[in-house]
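Peer 1: structural data only, the sequence is not supplied:
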């Protein structure tokens, strides 16, 4: 089910959305929806990551290289 949400943007941001949408042959709503999905995904990822860091550090994992070495 879809619903409508009204969002206020300053003129500069609105113009950026419109310019991007036009350049990529997208509807403004598609640009805003995709941007919002990416933002929320990133925020959720960062939240999970921050909750898992203490467990990783206890396991001796501090870098990406540490993660990959554990997979081998």
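Peer 2: Nice, thanks for sending it over. Because the structure is predicted, anything quoted here is derived from the model rather than measured. Residues are numbered from 1 along each chain as shown.

Peer 1: what is the mean pLDDT for the helix or strand where residue 29 lies?
Peer 2: Per DSSP states H and E: residue 29 is located in helix 28-58. Averaged over helix 28-58, pLDDT sits at 96.

Peer 1: show me which positions of it end up buried.
Peer 2: Buried residues in helix 28-58, counted by 16 or more other CB atoms under 10 Å: 31, 32. C-beta: built from backbone N, CA, C; applies to glycine.

Peer 1: which other helices and strands does that helix contact?
Peer 2: helix 11-23 (3 or more CB pairs under 8 Å, 6 or more residues apart in numbering; DSSP states H and E).

Peer 1: can you list the buried residues in the helix it packs on?
Peer 2: For helix 11-23, the buried set under the neighbour-count rule, 16+ other CB under 10 Å, comprises 17, 21.

Peer 1: elements contacting it?
Peer 2: Going by 3+ CB pairs under 8 Å, 6+ apart, helix 11-23 lies up against helix 28-58.

Peer 1: just the angle between whatever helix or strand comes next after the helix it packs on and helix 28-58, please?
Peer 2: For helix 28-58, the following helix or strand on the C-terminal side (DSSP H and E) is helix 64-71. Between helix 64-71 and helix 28-58, the angle comes out at 70 degrees (axes from the mean of the first three to the mean of the last three CA atoms, to 10 degrees).

Peer 1: buried sites along helix 64-71?
Peer 2: Of all the residues in helix 64-71, not one is buried under the rule 16+ other CB under 10 Å.

Peer 1: what angle do the helix holding residue 29 and helix 11-23 make?
Peer 2: 100 degrees.

Peer 1: and residue 62, how many residues sit next to it?
Peer 2: By other CB atoms under 10 Å, 11 other residues sit near residue 62.

Peer 1: now do the contacts for it.
Peer 2: Contact analysis of residue 62 by CB atoms under 8 Å, 6 or more residues apart in numbering lists residue 56.

Peer 1: look up phi and psi at it.
Peer 2: Main-chain dihedrals, residue 62, degrees, to the nearest 10: phi -120, psi -20.

Peer 1: and residue 60, by the same measure?
Peer 2: Torsion angles at residue 60 (phi, psi; degrees, to the nearest 10) stand at phi 80, psi 20.
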